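have a look at this prediction, sequence included:
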Amino acid sequence: MPGATLFFSTLMSDEARSIARGLEKRDPHLLDRLIERYQYRLFRYLVYVTGNRERAEDFFQETWIRVLERGHQYDGKSKFEAWLFAIARHLVIDWQRSKKPQSLDTLTDPDQEHPLQLANEDDPSPLHQVLSQEQEENVQASLERIPAIYREVLVLRFQEELQIEEMAGVLSVPLSTVKSRLYRGLQALREALRRGPA
């Protein structure tokens, strides 16, 4: 139904432009609505990326401060949540750089010969198949045991449901890198699930 898709994408871009206008005016009511709408997803993302609930709370607060301060930079051409996750991610990277000499980006896997090819996005993803076979808490515990660079892409793709292109924007990496990290992340998650609880 191409008509429905076009209608939906028009609605999405209208909403994005409306958010951009509101942020430019520093509309406090808009910010309240955005926090209410995205707080759970943003906090969940930050907990997975940092691996620490208290630190995630600090980044959560700081992310919304940045949204208010830099709202004029959001142009409404992409989804608001992609812009929001990019802000949060940059805060975490800055913190990691001050803590240790390497950031998430420097952990890129050099071997990218097998990028993940998503055959049909309507088919259940490998992660969803794993989720249906294992208890959710086992999956959550296993996610925490895999490297942050892979955990991040799995969360963005399968929990936040960002498209590959949007993820590339959030992570500031090429599509091939996103696909490679997804492929390797799924392998690491399967291995962690197979080993069972730590």
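That came in fine, so what should we check first?

all the helices of the protein, residue numbers only.
Assigned by DSSP state H, the helices in the chain fall at 2-24, 28-50, 53-70, 80-99, 126-133, 136-145, 148-154, 164-171, 175-195.

could those go into TSV alongside mean pLDDT and mean neighbour count?
For every residue, glycine as well, the C-beta is placed using N, CA and C. Formatted as TSV, the helices of the chain follow (pLDDT from 0 to 100; neighbours: other C-beta atoms under 10 Å):
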stretch	mean pLDDT	mean neighbour count
helix 2-24	70	13
helix 28-50	89	16
helix 53-70	90	15
helix 80-99	88	18
helix 126-133	54	14
helix 136-145	75	15
helix 148-154	89	21
helix 164-171	90	19
helix 175-195	88	19
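
tell me the domain boundaries of the chain?
Per automatic domain parsing, the structural domains of the chain span 2-99, 118-195.

from the chain's centroid, how far away is the shortest one?
Relative to the mean C-alpha coordinate of its chain, domain 118-195 is positioned 10 Å out (C-alpha atoms, centre = their mean, to the nearest Å).

make 639 the first number, not 1, from now on.
Okay, residue one is now 639; in that scheme the one you just asked about reads as domain 756-833.

quick check: closest non-adjacent residue to residue 673.
Leaving out its chain neighbours, the residue that sits closest to residue 673 by C-beta to C-beta, 6 or more residues apart in numbering is residue 702, at 6.1 Å.

quick one: that neighbour from residue 677, how far?
From residue 702 over to residue 677 the distance is 9 Å, taken as C-beta to C-beta, to the nearest Å.

do the same with residue 723
Remark: distance between residue 723 and residue 677 (C-beta to C-beta) = 13 Å.

same deal with residue 705?
As defined by C-beta to C-beta, residue 705 lies at a distance of 12 Å from residue 677.

cool, and residue 825?
From residue 825 to residue 677 the distance is 32 Å (C-beta to C-beta).

all good on my end, thank you.
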